[in-house]
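Participant: pasting a predicted model and its sequence here:
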Amino acid sequence: MKGFRKGLSILLVFALVITSMVAFSAKTTEAKVKSIKVAKKVTVVEGKSKTVKVKVKTTKKTSKKFTAKSSNKKIATVKVKKGKVVIKGKKAGKATITIKSKANKKKKKKIKVTVQSADITMNVTPMLRDVYTLSFSKKVNFDLSKLTVMAKKNAKGKYIAKCKVYDISTNDQKNYNVTLEKNPTNGMWLQFTVKGINKKDIVKELPVYKELSVRRFSRNYSYLTDQDIDREIEINDYFRDDFARVKSITGAPAGVKMTYDDENIYIKGKIAKTGVYKSVVTFEDEMGTTYTLNVTFVVGSADALTVYVPNEKGIAFNDAKGAAAYKSSSWIYIAGGSGHYTVTPVDRAGIFAEDTEYSENTVYYWNFTTSTPGTYTGKFTVVDDNDSSISTEASAVVNADKATLVTGKVTSATGKPIKGAGVFANYKGDKEDEEDFYSMGKTKEDGTYRLYVTKGKYDFCAEHNEAIKYDFNRNITANTTLNWTLGLYQVTIKSSDTKIDPAKFGAWYKVSDDEDDDEYSIGEGNKIFLKAGSYKITSSGLAYPYSYKADATVKVTGDTTVTATVTSSEIPTITAGTTEVSVTGRMGYWVFTPSEDDRYVIWSNSSSKDPVGYLFDEDGNQLDKNDDYLGREFQMVDDLEAGKNYILGVAPYSGEDLTTTIKISKVG
């Protein structure tokens with residue numbers, strides 16, 4: 001028993017010794033890390049970093065190293081760097097950074113971090129002369145009420161001229177395309193101010209010195225040899241407010257002097273030899289940007305013809321399913337002989353769609369519905385109408401690429417399909433002799449459209465009734481779908497006259513008090529689409545057996561319905577023979593019912609006025625139209641059926657009321 005007690009006592013003493021040693025050791029280690037000193041609070045801007053010193057006080061050779069950890073890496077991150085911590089703000093909010101000694105993890109300090117939102121920055125990039133892209137550093141809720149655009153003439157001036165904004169649109173809330181109502185003058189300075197996004201306004205200035213929509217121009221003239229040339233080209237035709245000056249002129253043909261001053265380029269002299277001559281005028285603006293004007297002289301003689309045709313860019317539809325006939329045109333410039341010619345294709349080569357008639361400059365039409373990609377050279381003859389011995393053969397070249405289909409849908413702000421919206425694709429040719437390529441599509445009743453382009457980069461836009469949206473530098477490599485949403489609302493129009501079906505309403509126009517405003521159709525039928533605002537709208541037209549006039553006032557804040565005030569009258573009849581008619585407004589209507597199947601001629605004789613003639617069926621479908629057939633009169637020749645009602649429409653071209661004599665007779 002004594003042995004057991006003695007052994008137990010020894011064990012207890014041993015345990016006490018061990019415990020004391022451990023306690024002593026821990027106490028000694030803690031004493032080696034005396035303190036950690038660091039800032040208690042730190043503020044950092046999101047996207048920015050701040051370096052904070054960390055001072056660890058120890059005894060003897062104890063390590064001063066430490067670790068750092070963020071409580072929320074989405075708000076702030078931290079890195080240790082040579083006795084310091086680098087705190088980076090990721091997102092506005094609060095986080096805690098914990099600093100711990102590596103020698104003694106019980107020694108620690110905390111930094112309370114506040115991450116503040118960074119000011120939103122904005123860049124402005126000119127895209128076209130009247131379109132600018134405002135790019136923000138993050139998504140913003142931005143509309144017209146927050147934007148002011150001002151202009152001044154030079155860098156030392158003051159911003160006193162306010163520029164009206166036509167439209168604004170975005171795909172991602174970071175890049176906004178702003179369209180100004182008028183093209184700013186090159187050499188002018190613009191100031192874009194955006195309010196309500198940061199605590200302070202965002203202001204960006206830039207000089208508008210680049211002619212971004214067109215940097216290369218061309219003019220073509222036709223002359224006879226030994227013809228006295230005395231021509232002026234106004235510089236303002238290309239550059240407004242004389243902001244640019246001519247820098248140099250090269251390549252003037254022998255016998256011709258091309259001089260210039262601040263306003264005009266003067267071309268004087270005689271060209272002795274037939275041929276095609278090309279001169280280059282180089283302009284420079286006040287910012288040092290250069291532009292070129294290519295002047296082509298096509299020179300023939302009294303007994304010899306010279307022909308010049310710029311190369312054309314086209315589309316080959318060989319494998320484009322459902323492609324309708326795609327038709328385009330290009331100028332044929334002819335000089336020599338009497339000035340009156342007949343142009344006849346002799347090798348269509350997939351180019352010529354139809355024969356052409358010469359006016360001032362003739363046009364050839366080409367069509368690629370079934371062609372394969374490649375370069376097509378069509379040949380044609382040009383014969384002088386007054387002397388058939390004066391003739392020549394010439395060529396027209398079209399570079400046709402494979403058709404690429406762009407389709408999509410245009411809808412309103414509330415998702416309604418918009419009929420009649422235009423979608424445009426513009427590709428700028430990069431070759432001197434190649435025409436710029438352009439394609440467009442119109443939306444159908446369901447808002448869908450289709451247009452064809454060749455592969456390459458395009459600027460696209462969709463437009464309808466003062467709402468416009470852009471998609472710049474879109475690289476088209478295959479069939480593509482582009483959908484558009486325009487800031488428009490549907491206006492449903494009812495008729496106050498039960499005799500007039502609102503679905504039969506013709507074109508609607510916006511009534512303006514400004515005489516300088518161009519009048520254009522804003523839609524037709526009983527549904528139109530308008531931007532938010534107040535409008536007076538009017539329509540007049542044919543709803544057989546009546547003609548009508550409709551007017552309405554509408555306030556658009558969203559989709560809405562309005563009842564138009566409509567007056568109607570039965571369309572009067574007109575018979576074969578001679579009848580004097582008067583037209584007040586856009587168009588007058590008369591019903592003509594032939595007594596026999598035959599070919600009839602309908603023409604006007606109004607002396608000093610300028611009438612335009614139309615022929616419709618009972619459903620309002622246009623059958624024929626003519627203007628200036630002989631002088632300022634119209635003439636229509638059509639095969640008409642006995643007993644069928646045809647509606648003759650007469651419109652004053654100038655918009656003024658007119659009285660004219662209408663003659664209807666069989667073609668004898």
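Facilitator: Perfect, I can see it now.
Participant: who's in contact with the spatially most central residue of the chain?
Facilitator: What sits nearest the mean C-alpha location of the chain, by CA atoms, centre = their mean, is Cys461, with 3.8 Å. Going by CB atoms under 8 Å, 6 or more residues apart in numbering, Cys461 touches Val423, Phe424, Ile468, Lys469, Tyr470, Asp471. Quick note: C-beta positions are derived from backbone N, CA and C, even for glycine.
Participant: what sits opposite it in the beta ladder?
Facilitator: Phe424, Tyr470 (DSSP bridges).
Participant: ok, it to Leu482 distance?
Facilitator: Taking CB to CB, to the nearest Å as the measure, Cys461 falls 10 Å from Leu482.
Participant: Trp590 too?
Facilitator: With CB to CB as the criterion, Trp590 and Leu482 are 45 Å apart.
Participant: now do Val140
Facilitator: Distance of Val140 to Leu482, given as CB to CB: 24 Å.
Participant: pLDDT score assigned to the residue nearest to the centre of the chain?
Facilitator: For Cys461, the model assigns a pLDDT of 89.
Participant: for the stretch 151-300 of the chain, give me the ranges with low pLDDT.
Facilitator: Counting by pLDDT under 70, the ranges of the stretch 151-300 of the chain that qualify are 185-187, 209-216, 239-244, 285-289.
Participant: give the buried residues for stretch 56-65.
Facilitator: Val56, Thr58, Thr62, Lys64 (16 or more other CB atoms under 10 Å).
Participant: restricted to helices, list those.
Facilitator: Using DSSP state H to define helices, no part of those is located there.
Participant: for Leu542, what are its contacts?
Facilitator: Counting by CB under 8 Å, 6+ apart, Leu542 touches Gly506, Ile571, Tyr589, Phe616, Gly620, Ile647, Gly649.
Participant: turn those into a markdown table, including pLDDT.
Facilitator: As requested, the contacts of Leu542 are exported to a markdown table (pLDDT from 0 to 100):
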| residue | pLDDT |
| --- | --- |
| Gly506 | 90 |
| Ile571 | 95 |
| Tyr589 | 94 |
| Phe616 | 95 |
| Gly620 | 87 |
| Ile647 | 96 |
| Gly649 | 93 |
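Participant: which of those residues lies closest to Ser338?
Facilitator: The closest of the contacts of Leu542 to Ser338 turns out to be Gly649 (CB to CB; 37.8 Å).
Participant: not counting its neighbours along the chain, what's nearest the closest one?
Facilitator: Spatial nearest neighbour of Gly649, chain neighbours left out: Tyr614 (3.6 Å); criterion: CB to CB, 6 or more residues apart in numbering.
Participant: need the CA coordinates for the helix or strand in which that neighbour is found. CSV is fine.
Facilitator: Using DSSP states H and E, Tyr614 sits within strand 611-616. The C-alpha coordinates for strand 611-616 follow below in CSV (Å, rounded to 0.1, in the frame of the first residue of the first chain):
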residue,chain,number,x,y,z
PRO,A,611,-51.2,68.3,-111.9
VAL,A,612,-50.3,64.6,-111.2
GLY,A,613,-52.7,61.9,-112.4
TYR,A,614,-53.6,58.6,-110.6
LEU,A,615,-55.9,55.8,-111.5
PHE,A,616,-57.3,53.4,-108.8
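Participant: now the element after it, going C-ward?
Facilitator: Next along from strand 611-616, by DSSP H and E: strand 622-627.
Participant: so for that next one, what gets flagged as buried?
Facilitator: For strand 622-627, the neighbour count (16+ other CB under 10 Å) marks Asn626, Asp627 as buried.
Participant: next one: stretch 566-580
Facilitator: So stretch 566-580, judged by 16+ other CB under 10 Å, has buried residues Val566, Ser568, Ile571, Ile574, Ala576, Thr579.
Participant: check stretch 486-495 too.
Facilitator: Across stretch 486-495, burial judged by 16+ other CB under 10 Å covers Leu486, Gly487, Leu488, Tyr489, Gln490, Val491, Ile493, Ser495.
Participant: same question, stretch 149-169
Facilitator: So, applying 16+ other CB under 10 Å, buried residues of stretch 149-169: Val149, Met150, Ala151, Lys152, Tyr159, Cys163, Tyr166, Asp167, Ile168, Ser169.
Participant: the first one should be in a strand, yeah?
Facilitator: The reference is to Val149. Yes. Residue state for Val149 (DSSP: H, G, I helix; E, B strand; the rest coil) corresponds to a strand.
Participant: that one touches Phe192, doesn't it?
Facilitator: Yes. Judged on CB atoms under 8 Å, Val149 makes contact with Phe192 at a distance of 5.7 Å.
Participant: does Tyr364 touch Val343 like I think?
Facilitator: Yes. Here Tyr364 reaches Val343: they are 7.2 Å apart, a contact under CB under 8 Å.
Participant: looking at the two, which one has more neighbours?
Facilitator: Neighbours per residue, other CB atoms under 10 Å: of Tyr364 and Val343, the larger number sits with Tyr364, 24 against 20.
Participant: any idea how far Thr179 lies from Ala462?
Facilitator: The gap separating Thr179 from Ala462 is 12 Å, by CB to CB.
Participant: give me the common contacts of these two.
Facilitator: What both Thr179 and Ala462 touch, as defined by CB under 8 Å, 6+ apart, is the set Ile468.
Participant: between those two, point out the one with more neighbours.
Facilitator: Neighbour count, other CB under 10 Å: between Thr179 and Ala462, Ala462 has more, with 26 against 21.
Participant: mind listing what that one touches?
Facilitator: Neighbours of Ala462 in contact, by CB under 8 Å, 6+ apart: Val410, Ala421, Gly422, Val423, Phe424, Ile468, Lys469, Trp484, Leu486.
Participant: from Gly415, how far off is Gly196?
Facilitator: Relative to Gly415, Gly196 is positioned 28 Å away (CB to CB).
Participant: out of those two, which sits in the busier spot?
Facilitator: Per other CB under 10 Å, whichever of Gly196 and Gly415 has more neighbours is Gly196, with 13 against 10.
Participant: could you report the neighbour count for the closest residue in space to the more buried one that isn't next to it in sequence?
Facilitator: Sequence neighbours aside, Lys146 is the residue nearest to Gly196 in space, at 5.0 Å (criterion: CB to CB, 6+ apart). Neighbour count of Lys146, defined by other CB under 10 Å: 16.
Participant: let me see the contact set for Lys146.
Facilitator: Contact analysis of Lys146 by CB under 8 Å, 6+ apart lists Val194, Lys195, Gly196, Ile197.
Participant: check the secondary structure at the third one for me.
Facilitator: The one in question is Gly196. Taking three-state DSSP as the rule, one finds Gly196 in the coil state.
Participant: could you count how many residues lie near the closest residue to Tyr427 other than its chain neighbours?
Facilitator: Closest residue to Tyr427 apart from its sequence neighbours, by CB to CB, 6+ apart: Phe437 at 4.5 Å. Using other CB under 10 Å, Phe437 has 21 other residues around it.
Participant: rewinding a little: what does the strand holding Tyr614 contact?
Facilitator: Outside strand 611-616, the residues that touch it by CB under 8 Å, 6+ apart are 542, 583, 587, 602-604, 622-627, 632-636, 638, 646-653, 658, 660.
Participant: quick one: buried residues of it?
Facilitator: Residues Pro611, Val612, Gly613, Tyr614, Leu615, Phe616 are the ones in strand 611-616 that count as buried (16+ other CB under 10 Å).
Participant: for the residue nearest to Gly196, give me the backbone phi and psi.
Facilitator: The phi and psi values for Lys146, taken as degrees, to the nearest 10, are phi -100, psi 0.
Participant: any of the contacts of Lys146 buried? List them.
Facilitator: Listed as buried from the contacts of Lys146 are Val194, Ile197; burial here means 16+ other CB under 10 Å.
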